[in-house]
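Novice: Could you work out the structure for the sequence below:
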Amino acid sequence: MTASLFARTLAGAAMLEVFADRAIVDAMLAFEAALAEAEAAEGVIPASAVAPIVAATRATFDVDALVAEARVAGSMAIPLVKKLTAEVAARDPAAAPFVHRGSTSQDVIDSAMVVVTRRALALIDAELERLTTALAALARTHATTPILARTLLQPAQVISFGFKVVAWLAPLLRARERLQVRARSALRVQLGGAVGTLASLGERGPAVAKRVAERLGLAPEVDAWHVQRDEWVALGCEVALVCGSLGKIGSDLALLAQAEVGEVAEPSGAGRGGSSAMPQKKNPVAAMTALAAARRAPQLAATLLATMGHAHERALGDWQAELAEWPSLFLAAHGALVALADALAGLEVDVSRMGENIARQQGTVFAEAAAALVAPTLGKAQANTLLGTLAARAAAGKGDLRALVRADPAFAAVEPGTIDAAFDVDAAARRAGGLAIAQLDRLAMPSVATGDQR
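Specialist: Numbers count the residues shown, from 1 in each chain. Predicted coordinates:
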């Protein structure tokens, strides 16, 4: 699989290697070696055929030539098995008839894709661990750091930065658990023969399949799933969900890093986030990579879902479309994970700017809390109307909302200390921080050094 030039700029190098053309062909050859060994162990083929077959699977095959022939044959496995058989014949003509015995093209390719996908999931899991560890540390460090909450892209109330970070973290922890569950169900050997019944292997078929699974390190469940794609597609959809959650982080980072907001910044570095025209630019490239993955994932997952209508016992076009899109989903997810894990580990947090942005709201973000103080006497609707009027005056530069509230006759009976408590920035952040820490504890994330970094 060769990703496009621009797709490679969004992918991690390790994942590109996992789905490299050579890696997939090698996994197909590993299946053929495991099949020969398993069939010999079950007495399906002569033991003497194993060594020449296994030796031939270690030969170097011209991948470009295989691709060219596959365009005509309709499957990469057909020219590969043909060339493998020729390699075996050159070593031991008597062993050549036993290559690929009882198997079919989809067995080879699906099993190979399972093998490389297992490696891909290991990479994704490692980056999820790295990213979630960084996020947990960030959340605890800034558990009580005040920051504006924004709803519909407008200032809303005061929360803590830790509270915001936990909203990034929690979906990724749940995704990691779901991926592990899905992997146990989906990473199974494929061995069903021509129509999924293993007819040519007779009663030894299930035992052969189990041995192949053991040799490839796959789950022992050996029922053929040629056209039963639910577990496999569900795994792909879980990867797409990861991309969606990463897009949420990327979106928030990009908005918080805007110069007009300036509350966070991705780590600096030579050539990182530069512009070809504007020397002053510092672009959030990790956020960009995450957003790109989130934009691509829905279409990739939709293709997987659209291909599930496999006709009869072997798909025409559906399986082939699935194979074409499968690696792209993992490349997108892993690239975004790597970028965000790198960025979040060294995220620059401007606590002072967060405070300045709160102060710039002239206390209007506490309008709801202030309205609650007089709602018992005025009624909720009238209290909200009053605070709406006072907040509009504050926003127009006619004074801080707290001062306007104190001066308004409707608040004459309210103790000044009670009014001050309703406008307490740190208290609002502590409330949000308490919720954040409680969720972190429920998520069983380890504690790290904490403290208000203001």
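
Novice: Longest helix in the protein, please.
Specialist: The helix that spans the most residues within the chain, counting by DSSP state H, is helix 105-141.

Novice: and after it, which helix or strand comes next?
Specialist: Downstream of helix 105-141, the first helix or strand assigned by DSSP states H and E is strand 146-151.

Novice: Just the buried positions in that following strand, please.
Specialist: 146, 147, 148, 149, 150 (16 or more other C-beta atoms under 10 Å). C-betas here are computed from N, CA, C, even on glycine.

Novice: Adding pLDDT, write those out as TSV.
Specialist: TSV is the format used below for the buried residues of strand 146-151 (pLDDT from 0 to 100):
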residue	pLDDT
146	98
147	98
148	98
149	98
150	98
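
Novice: Compile those into CSV and extend it with columns for distance to residue 428.
Specialist: Formatted as CSV, the buried residues of strand 146-151 follow (distance: C-beta to C-beta, whole Å):
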residue, distance to residue 428
146, 7
147, 10
148, 10
149, 9
150, 15
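
Novice: and of these, the nearest to residue 68?
Specialist: Ranked by distance to residue 68 (C-beta to C-beta), those are led by residue 150 at 54.0 Å.

Novice: By mean pLDDT, flag the weakest helix or strand of this protein.
Specialist: Least confident helix or strand, the chain: helix 5-9 with a mean of 90, by mean pLDDT, DSSP states H and E.

Novice: from the middle of its chain, how far away would that helix be?
Specialist: Centre-to-centre, helix 5-9 and its host chain are 18 Å apart (C-alpha atoms, centre = their mean, to the nearest Å).

Novice: repeat for stretch 293-308
Specialist: Put simply, stretch 293-308 sits 13 Å off its chain's centre (C-alpha atoms, centre = their mean).

Novice: same deal with stretch 344-357?
Specialist: Chain-centre distance of stretch 344-357: 25 Å, with C-alpha atoms, centre = their mean.

Novice: what's the nearest residue to residue 257 if we skip its chain neighbours?
Specialist: residue 284 (4.7 Å; C-beta to C-beta, 6 or more residues apart in numbering).

Novice: what does the least confident helix or strand of the chain contact?
Specialist: 16, 328, 331 (C-beta atoms under 8 Å, 6 or more residues apart in numbering).

Novice: Contact partners for residue 28?
Specialist: By C-beta under 8 Å, 6+ apart, residue 28 lies in contact with 76, 77, 80, 108, 109, 111, 112.

Novice: Share the number of residues neighbouring the nearest residue to the last one once chain neighbours are set aside, please.
Specialist: In space, residue 112 comes closest to residue 27 once its chain neighbours are excluded; the distance is 3.7 Å by C-beta to C-beta, 6+ apart. The burial metric for residue 27, expressed as a neighbour count using other C-beta atoms under 10 Å, is 22.

Novice: same question, residue 411
Specialist: Summarising burial for residue 411: neighbours were counted as other C-beta under 10 Å, giving 20.

Novice: Make residue 1 into 126 and carry on from there
Specialist: All set: I'll call the first residue 126, so the last point we hit is now residue 536.

Novice: wait, what's in contact with it?
Specialist: Residue 536 touches 498, 499, 530, 544, counting by C-beta under 8 Å, 6+ apart.

Novice: tell me which element the second one falls in.
Specialist: Assessed by DSSP H and E, residue 499 sits inside helix 492-503.

Novice: Can you mark which positions in that helix are buried?
Specialist: Buried residues in helix 492-503 (16+ other C-beta under 10 Å): 492, 494, 495, 496, 498, 499, 500, 503.

Novice: residue contacts, the residue nearest to residue 382?
Specialist: Neighbour list for residue 409: 378, 379, 382, 390, 391, 398, 468 [criterion: C-beta under 8 Å, 6+ apart].

Novice: Give me the below-cutoff pLDDT ranges for the protein.
Specialist: Along the chain, segments meeting pLDDT under 70 span 126-127, 394-406, 570-579.

Novice: mind running it again at 50?
Specialist: 399-404, 406, 573-579 (pLDDT under 50).

Novice: returning to that earlier point: tabulate the contacts of residue 153 (JSON lines), appending distance to residue 433 and neighbour count.
Specialist: As requested, the contacts of residue 153 are arranged in JSON lines below (distance: C-beta to C-beta, whole Å; neighbours: other C-beta atoms under 10 Å):
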{"residue": "201", "distance to residue 433": "22", "neighbour count": "23"}
{"residue": "202", "distance to residue 433": "21", "neighbour count": "25"}
{"residue": "205", "distance to residue 433": "26", "neighbour count": "25"}
{"residue": "233", "distance to residue 433": "21", "neighbour count": "26"}
{"residue": "234", "distance to residue 433": "17", "neighbour count": "22"}
{"residue": "236", "distance to residue 433": "20", "neighbour count": "25"}
{"residue": "237", "distance to residue 433": "21", "neighbour count": "25"}
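
Novice: so which of the residues you listed comes closest to residue 346?
Specialist: Closest approach between the contacts of residue 153 and residue 346, by C-beta to C-beta: residue 236, at 13.1 Å.

Novice: The closest one contacts residue 334, doesn't it?
Specialist: No: using C-beta atoms under 8 Å as the test, residue 236 is too far from residue 334 to be in contact (10.1 Å).

Novice: between these two, what contacts are shared?
Specialist: Here residue 236 and residue 334 have 314, 316 as joint contacts, going by C-beta under 8 Å, 6+ apart.

Novice: returning to that earlier point: can the contacts of residue 153 go into JSON lines with extra columns for distance to residue 223?
Specialist: JSON lines is the format used below for these (distance: C-beta to C-beta, whole Å):
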{"residue": "201", "distance to residue 223": "21"}
{"residue": "202", "distance to residue 223": "17"}
{"residue": "205", "distance to residue 223": "16"}
{"residue": "233", "distance to residue 223": "15"}
{"residue": "234", "distance to residue 223": "20"}
{"residue": "236", "distance to residue 223": "18"}
{"residue": "237", "distance to residue 223": "20"}
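
Novice: tell me the domain boundaries of this protein?
Specialist: 130-142+228-475, 478-567 (automatic domain parsing).

Novice: Tell me which of those domains sits most buried.
Specialist: Ranked by mean neighbour count under mean count of other C-beta atoms under 10 Å, the domains of the chain are led by domain 130-142+228-475, which reaches a mean of 19.

Novice: How far off centre is that domain?
Specialist: Per C-alpha atoms, centre = their mean, the centroid offset for domain 130-142+228-475 relative to its chain is 3 Å.

Novice: Assign residue 417 to helix, strand or coil.
Specialist: For residue 417, the assignment made with DSSP: H, G, I helix; E, B strand; the rest coil gives helix.

Novice: if I look at the closest residue to it other than its chain neighbours, how far off is residue 467?
Specialist: In space, and not counting its chain neighbours, residue 417 is closest to residue 135: 5.3 Å by C-beta to C-beta, 6+ apart. Counting by C-beta to C-beta, to the nearest Å, the separation of residue 135 from residue 467 is 14 Å.
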